[in-house]
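S.K.: give me the fold of what follows.
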Amino acid sequence: MTVHDIRSFNRFYTNVIGALDHGRHLNAPYTLTESRVLYELAHTEHVDAADLRIRLSLDAGYLSRILGRFEQAGLVERGSSDKDSRRRRITLTARGRGAAELLDERARESAGTLLAGVPASERERLGDALRTVRELLGDGRAAPHPENVLLREPGPGDLGWIVARNGAVYAAEFGWNTEYEGLVARIVADFAQDHDPHLERVWIAELDGRPVGCVMCVRDEAPGTARLRLLLVEPEARGLGIGDRLVRACADFARGVGYRELVLWTNDVLASARSVYLRHGFVLVGERPHRSFGADLVGQDWKMTLHKSAD
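M.R.: Now for the predicted structure:
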């Protein structure tokens, strides 16, 4: 490996990815740098201008001009930071979030078009190669950071990942048999076959380009009630607040679309998950012992009130 090899690869990759013609490929009125700023604002909670400058390695004056243009266009709002009153907190407006979502959608379509040219049998090898480059040349050697976690909608293969990882993680940690994996497969299949995208949703937590967590929000049989299902965080990604973010996303979505209650069923052995539910306002409403998944368990029903009834 030589400097020439790296420069040659950089020229090749820049041409393939189309970064120098960003606006034309995404049909967007924003430069590549402006799009990166919008992306960070959309996927990072409680971000200050100073943090944004460091994360994107931008000149302070250049970033200030970008944020000024965004503010004039009604895309962002600036206020006092929660951490330091001398710093400025940047928040996307509804219009700004819409712009970021549109850019994200077009970027996914563009990446999907690029990936479509790679045979399915070679995609795993490509993914491994990309991760290797990031680990060796990027910050992959450092400890994972909460700000590197992205919550997104599921893409091709993600629903299958939910089934596989639920089965593997719970077998490894609690000795549950394939009965549990079968239950997860039915839940996921029901969602994939028939769900209302306005009232039901799945989130995938992604860290450094790979899925590390998930949760589902689906309609319950009781009117006005949503059910949280299949909360999972990979063991190596725990301690980054991913479980909290997934539960918060589920609760915020359910509240936003008008559900009155959010319920869930879990088992008493899942102590870490119960801690997350308690932090977010769930209340234990019932317990019952049962024999499932090859183990003697105590099932628990939890409930969170989202909207008070008219009565």
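S.K.: now the strands for this structure?
M.R.: For the chain, the strands defined by DSSP state E cover 47-48, 76-80, 88-92, 149-152, 201-207, 210-219, 225-233, 261-267, 283-292, 295-305.
S.K.: neighbouring contacts of the second one?
M.R.: Right, the one you point to is strand 76-80. Here strand 76-80 makes contact (Cβ atoms under 8 Å, 6 or more residues apart in numbering) with 41, 49, 67, 70-71, 87-93, 96. C-betas here are computed from N, CA, C, even on glycine.
S.K.: gap between that strand and the chain center?
M.R.: In terms of Cα atoms, centre = their mean, to the nearest Å, the centre of strand 76-80 is found 24 Å from the chain centre.
S.K.: each with direction, which strands does it pair with?
M.R.: strand 88-92 (antiparallel) (DSSP bridges).
S.K.: average pLDDT across the partner strand?
M.R.: The average pLDDT within strand 88-92 is 83.
S.K.: quick one: buried residues of that strand?
M.R.: The neighbour-count criterion (16 or more other Cβ atoms under 10 Å) identifies 88-90, 92 as the buried residues of strand 88-92.
S.K.: what does stretch 178-197 give?
M.R.: Applying 16+ other Cβ under 10 Å to stretch 178-197 flags 180-181, 183-185, 187-188, 191 as buried.
S.K.: and stretch 153-173, by the same measure?
M.R.: For stretch 153-173, burial by neighbour count (16+ other Cβ under 10 Å) applies to 154, 158-159, 161-163, 165-167, 170-171.
S.K.: which one of the residues you listed is nearest to residue 108?
M.R.: residue 154 (11.8 Å; Cβ to Cβ).
S.K.: can I assume that closest one is in contact with residue 202?
M.R.: Yes - under the criterion of Cβ atoms under 8 Å, residue 154 makes contact with residue 202 at 5.0 Å.
S.K.: need the residues touching each of those two.
M.R.: Overlap of the contact sets of residue 154 and residue 202 (by Cβ under 8 Å, 6+ apart) consists of 162, 214.
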